[in-house]
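**Q** please work out how this folds:
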Amino acid sequence: MDLIPAEYPYLDRMRVEDLIDRMLNEINRDYYDSERKAILDYVLKEDDEKNRLGITQILEPPLDYGENIYQGLEPDDEWKDAVNIARGEISDRLVICSESTLQFKNIWTEYEDKLFISLPTQDDTPLSIEEFG
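**A** Residues are numbered from 1 along each chain as shown. From the prediction side, this is the model:
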């Protein structure tokens, strides 16, 4: 919980903590329900267990890994390329906008066009070994 930023200028801390608490509760509830379903699906694979529990029909029997072959639409290469470009742009530009990040960005704008060393231009003549030393 300590790694989740809770200080936002337009949201009060109690509201952020309430949102985080509700999200974590939802995650735990979904995990618990998935666990229960997985155990039941595994138990009901055996005919003896189905009979013992009095279950005569399973409307949507669970599939074992590898049994479900995807039969939907497959995107073309142009769409895949566009998605990969968009993912790259998002990962390059996506940052958490904390106050310190924004301050660093403002400071960087002063120095982004400056070089750490002086590079020769294309018009400069190359230096000989004696002149370089």
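
**Q** I'd like to know how many residues surround Ile129.
**A** 6 (other Cβ atoms under 10 Å). In short, each C-beta sits where N, CA and C put it, glycine included.

**Q** should've said Asn28
**A** If you count neighbours by other Cβ under 10 Å, Asn28 ends up with 10.

**Q** list the contacts of whichever strand or helix holds Ala86.
**A** Take DSSP states H and E as the rule and Ala86 turns out to sit in helix 77-93. Here helix 77-93 makes contact (Cβ atoms under 8 Å, 6 or more residues apart in numbering) with Pro75.

**Q** sort out which residues of the helix or strand just after it are buried, please.
**A** Proceeding N to C from helix 77-93, the next assigned helix or strand is helix 99-111, under DSSP H and E. By neighbour count with 16 or more other Cβ atoms under 10 Å, helix 99-111 contains no buried residues.

**Q** next structured bit after helix 99-111?
**A** Next helix or strand after helix 99-111 toward the C-terminus (DSSP H and E): helix 129-132.

**Q** distance between that following helix and the chain's centre?
**A** Relative to the centre of its chain, helix 129-132 is centred 53 Å away, using Cα atoms, centre = their mean, to the nearest Å.

**Q** for this structure, what are the low-confidence residue spans?
**A** The chain contains residues with pLDDT under 70 at 1-9, 95-96, 133.

**Q** state which helix of it is the longest.
**A** If you go by DSSP state H, the chain has its longest helix at helix 13-43.

**Q** next SSE downstream of that helix?
**A** Downstream of helix 13-43, the first helix or strand assigned by DSSP H and E is helix 47-53.

**Q** buried residues in that next one?
**A** So helix 47-53, judged by 16+ other Cβ under 10 Å, has zero buried residues.

**Q** distance between it and the chain's centre?
**A** So, by Cα atoms, centre = their mean, the centroid of helix 47-53 is 42 Å from its chain's centroid.
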